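>>> Pasting the sequence and the predicted model now:
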Amino acid sequence: MELRATFDQDADLYDRARPGYPDELFQDLARLGRLGAGSRVLEIGVGTGQATVALAARGYRVVGVELGSALAAVARRRLAAYGDAVEIHVSPFEAWPLPTEPFDAVVAATSFHWVDPGVRVRKAADALRPGGVLATISTDHVAGGDEAFFAAAQECYLRWDQATEPGLRLLPASEMPSDSEEIDVTGRFGPVSFRRYEWERTYSTDAYLEVLRTYSGHRALPPADLDGLLGCIRELIDAGYGGHITKRYLNQLRLAARLPER
């Protein structure tokens, strides 16, 4: 099974545990992308609709493409109140036929990296009208919050996950790269802009373990190793941090407008 397909194995867990996105990000997307009520938006990798709800709530007409049928079913339930303004298709984005009517924006929230690199930017450009924007949102765990816990947790990973590299550390948000090369080289988009959003969330032990169970790399571990890893982390949080830890996130919004055809 492809790693990107593992998210569909427990869609309700994914919907419950994944952290979502700050509202400021969608405000900036609307302002910088010049989007308003009635704008046509294509979303790549809807998941359970966490970003989709924020898009639909702003009056956009959203067409979503999602690889996993179980994830798509949860998203449809969450978005039922928006009626015909939202439609969700189950398909890999690479294989999904683009409609003839172009979009004002193509949005991918923590999903663009799962799409074939040889397809994703080109097909997004094909989906957009001239002046329409490609907006990708990344999510990273960065230094902050309970840093001592995350440093100590590396011992659990070294013990139970053979893919763990020794010496890994969390980077400050200021050291996280902003990469536009894959967009720049196509010649189909104008200058790329970036916006960053740092925020923190505090988790109980059980809630944090639920988050870990949604990560593709964790889901790919043999069951005994996953149980050992989660047990090690549970003991660390309960014994050393009073049953709660705080994690710092960085979301990065990358925006570029499609140029007219020459």
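Perfect, thanks for sending it.
>>> residues in contact with residue 255?
29, 32-33, 133-135, 192-195 (C-beta atoms under 8 Å, 6 or more residues apart in numbering). In short, each C-beta sits where N, CA and C put it, glycine included.
>>> Shouldn't residue 48 be within a strand?
No: counting by DSSP: H, G, I helix; E, B strand; the rest coil, residue 48 falls outside a strand, being coil.
>>> Report the separation between it and residue 109.
When C-beta to C-beta, to the nearest Å is the yardstick, residue 48 and residue 109 sit 11 Å from each other.
>>> how many neighbours does residue 27 have?
Per other C-beta atoms under 10 Å, the neighbour tally for residue 27 reads 12.
>>> sorry, back to before: narrow the contacts of residue 255 to those in helices?
Per DSSP state H, helices hold the following members of the contacts of residue 255: 29, 32-33.
>>> got a markdown table for those residues, with distance to residue 115, neighbour count and pLDDT too?
Below are the ones in helices among the contacts of residue 255 laid out as a markdown table (distance: C-beta to C-beta, whole Å; neighbours: other C-beta atoms under 10 Å; pLDDT from 0 to 100):
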| residue | distance to residue 115 | neighbour count | pLDDT |
| --- | --- | --- | --- |
| 29 | 19 | 25 | 98 |
| 32 | 22 | 15 | 96 |
| 33 | 20 | 21 | 96 |
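>>> just curious, which of these is nearest to residue 163?
Relative to residue 163, the closest of these is residue 29; by C-beta to C-beta it sits at 34.3 Å.
>>> give the contact list for that closest one.
35, 105, 107, 135, 253, 255.
>>> now residue 226
160, 213, 218-219.
>>> mind running it again at 10 Å?
Residue 226 makes contacts with 160-161, 212-213, 218-220, as judged by C-beta atoms under 10 Å, 6 or more residues apart in numbering.
>>> gap between residue 217 and residue 155?
17 Å.
>>> For the most centrally placed residue in the chain, grab phi and psi.
Residue closest to the average C-alpha location in the chain (C-alpha atoms, centre = their mean): residue 110, at 1.8 Å. Main-chain torsions, residue 110, degrees, to the nearest 10: phi 50, psi 40.
>>> Touching, it and residue 45? I think so.
Yes: between residue 110 and residue 45 there is a contact under C-beta atoms under 10 Å: 7.6 Å.
>>> shared neighbours, the two?
In terms of C-beta under 10 Å, 6+ apart, residue 110 and residue 45 are both contacted by the residues residue 51.
>>> all helices for the stretch 101-250 of the chain, in order.
120-127, 147-160, 181-184, 205-213, 216-219, 223-240 (DSSP state H, counting those that start in this stretch).
>>> buried ones in the least confident helix or strand in the chain by mean pLDDT?
Lowest on mean pLDDT, DSSP states H and E among the helices and strands of the chain sits helix 216-219, with a mean of 83. Applying a neighbour-count criterion of 16 or more other C-beta atoms under 10 Å, one finds 218-219 buried in helix 216-219.
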